[in-house]
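K.L.:
Task: produce atomic coordinates for the following.
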Amino acid sequence: MEFTAHHQVLGAVFIVAVIMGAVVNKTHFCTMGAVSDWVNIGDTGRMRAWVFAMAVALLGVIALEATGAINLSSETFPPYRSANFAWPRYLVGGLMFGIGMVLASGCGNKTLVRVGSGNLKSLAVLLVAMVASYLMLWSPLFEKAFLPWLQPANINLAQHGMPTQHAGDVISGLFGQASSKANNTALALMVAMGMLIFVLKSKDFRGSFDNILSGAVVGLVIVAGWYLTGGPLGQSWKEYAEMATDIPSRVQVQSYTFVSPMGDTVRYLLDPTKLSLINFGVAALAGVIAGSFIYAVATKNFRIEWFASLGDFVHHAIGGALMGVGGVLSMGCTVGQAITGMSTLAIGSMLTFVAIVAGAVVTMKVQYWRMMREA
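P.N.:
Have a look, this model is predicted:
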């Protein structure tokens, strides 16, 4: 069988995801845990690791766009910088995802890592989230249940002089100024520097090898995804797809996200002989699980874990459903929007990040209140 550009991209995506899965397992990088540590014990270590990943990814995108290696203002998957500012989707989907990840004891990426470590609770969450994501992507559910009341509130930024939802374009448009690539780059650098100052001013963070390693690796993984699909190999990939008899799925500029790939994985599993359905996201999902599994076995940390009670199962199943629906609705998760999307400096990604954190914080507060009430 010919080793095409398509195989090269998917192979590289899988290998990078294996590294990500192993490092996240080792360092306990967890976005839900980051919010929990901050809210419950005032520890910001993992929150700073999350922000560090954003900063590294943003700096990588700045460098790639400045050199002309990639262009994220054209079509991407998801359309992060789209001039169609679908704020209800970002807000409602983000809140749903934030609530869901608390009930499910982890975000999409962490769920995959735990599956690789033998956690059957997370496997159940993954299966529910996969079905929910599939229904949102490949059934009439979104069009019938969400689109009629969400779409009318969307804002077409192009009508207001904003060609994209890059924060620089939006700010320029608000002040009646023409968009400028130089100004956008300068703003992105300022945001990245602000993130780094927030992260590195903490002595505890600077002294934590795991937090530094996890933030750096996750951020670089996002940069790698953008380069693989938007750089020279990505161009060859698109040219191959245009000539292919059986057109591969989702041949677009993209990077790592973990909710829509769950639905795409179900789509492939329903027709496993159709190899063209194995796309970037499916390879990434499998790679994270594989990397976590390899690390867990190598360090003898592979452990089977199951639910403590029926109530525990119900909570996790509801969480998985909310993550699957909310993640597709908001066009990303705590990695797909809050790191990959943030690397594009899209205001929709910023809104989603805030909504996810808000949903998680409120859910944690409610859980604590109920626990104290029952005590």
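K.L.:
can we go C-alpha only for contacts and neighbour counts from here?
P.N.:
Will do.
K.L.:
mind exporting the helix or strand containing Val61 as PDB, just the C-alpha atoms?
P.N.:
Using DSSP states H and E, Val61 maps to helix 45-66. The C-alpha coordinates for helix 45-66 follow below in PDB (Å, rounded to 0.1, in the frame of the first residue of the first chain):
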ATOM      1  CA  GLY A  45      -0.400  25.100  40.300                       C
ATOM      2  CA  ARG A  46      -2.400  23.200  37.700                       C
ATOM      3  CA  MET A  47      -4.400  26.300  36.700                       C
ATOM      4  CA  ARG A  48      -1.000  28.000  35.900                       C
ATOM      5  CA  ALA A  49       0.000  24.800  33.900                       C
ATOM      6  CA  TRP A  50      -3.200  25.200  31.900                       C
ATOM      7  CA  VAL A  51      -2.500  28.900  31.200                       C
ATOM      8  CA  PHE A  52       1.200  28.000  30.400                       C
ATOM      9  CA  ALA A  53       0.000  25.600  27.800                       C
ATOM     10  CA  MET A  54      -2.200  28.400  26.300                       C
ATOM     11  CA  ALA A  55       0.800  30.800  26.300                       C
ATOM     12  CA  VAL A  56       3.200  28.200  24.600                       C
ATOM     13  CA  ALA A  57       0.500  27.400  22.000                       C
ATOM     14  CA  LEU A  58      -0.200  31.100  21.300                       C
ATOM     15  CA  LEU A  59       3.500  31.900  21.000                       C
ATOM     16  CA  GLY A  60       3.900  29.000  18.600                       C
ATOM     17  CA  VAL A  61       1.000  30.200  16.400                       C
ATOM     18  CA  ILE A  62       2.500  33.700  16.400                       C
ATOM     19  CA  ALA A  63       5.800  32.400  15.100                       C
ATOM     20  CA  LEU A  64       4.200  30.100  12.500                       C
ATOM     21  CA  GLU A  65       1.900  32.900  11.200                       C
ATOM     22  CA  ALA A  66       4.600  35.500  11.200                       C
END
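K.L.:
hmm, who's touching stretch 228-247?
P.N.:
Contacts to stretch 228-247, defined as Cα atoms under 8 Å, 6 or more residues apart in numbering, come from residues 4-6, 9, 12-13, 69-71, 227, 248, 251-255, 276.
K.L.:
Can you select the buried ones among those residues for me in PyMOL?
P.N.:
Only the buried members of the contacts of stretch 228-247 enter the following PyMOL selection, criterion being 16 or more other Cα atoms under 10 Å:
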select buried, resi 5+6+9+12+13+70+71+227+248+251+252+253+254+255
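K.L.:
helix or strand right after the helix or strand containing Lys238?
P.N.:
Secondary structure from DSSP H and E places Lys238 in helix 232-243. Helices and strands here follow DSSP H and E; after helix 232-243, the next one along the chain is strand 253-254.
K.L.:
could you give the mean pLDDT of that next one?
P.N.:
Predicted confidence along strand 253-254 averages 98 (mean pLDDT).
K.L.:
Could you do stretch 179-198 as well?
P.N.:
Rounded mean pLDDT across stretch 179-198 is 96.
K.L.:
Please spell out which residues along that stretch are buried.
P.N.:
For stretch 179-198, using 16+ other Cα under 10 Å, the buried residues are 179, 184-185, 187-189, 191-192, 195-196.
K.L.:
on that earlier part again, let's see the helix holding Lys238 as CSV, backbone CA atoms only.
P.N.:
These are the backbone C-alpha positions of helix 232-243, laid out as CSV (Å, rounded to 0.1, in the frame of the first residue of the first chain):
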residue,chain,number,x,y,z
PRO,A,232,3.9,22.0,3.7
LEU,A,233,2.8,18.5,4.7
GLY,A,234,-0.7,19.8,5.2
GLN,A,235,-0.7,21.3,1.7
SER,A,236,0.3,18.0,0.3
TRP,A,237,-2.4,16.4,2.3
LYS,A,238,-5.0,18.7,0.8
GLU,A,239,-3.7,18.0,-2.7
TYR,A,240,-3.9,14.3,-2.1
ALA,A,241,-7.5,14.5,-0.8
GLU,A,242,-8.6,16.5,-3.9
MET,A,243,-7.4,13.8,-6.2
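K.L.:
Can we start the residue count at 616 from this point?
P.N.:
Understood, numbering begins at 616; the last thing we discussed is helix 847-858.
K.L.:
I'd assumed Met669 was in contact with Val838.
P.N.:
No. At 10.3 Å, Val838 does not count as touching Met669 under the criterion of Cα atoms under 8 Å.
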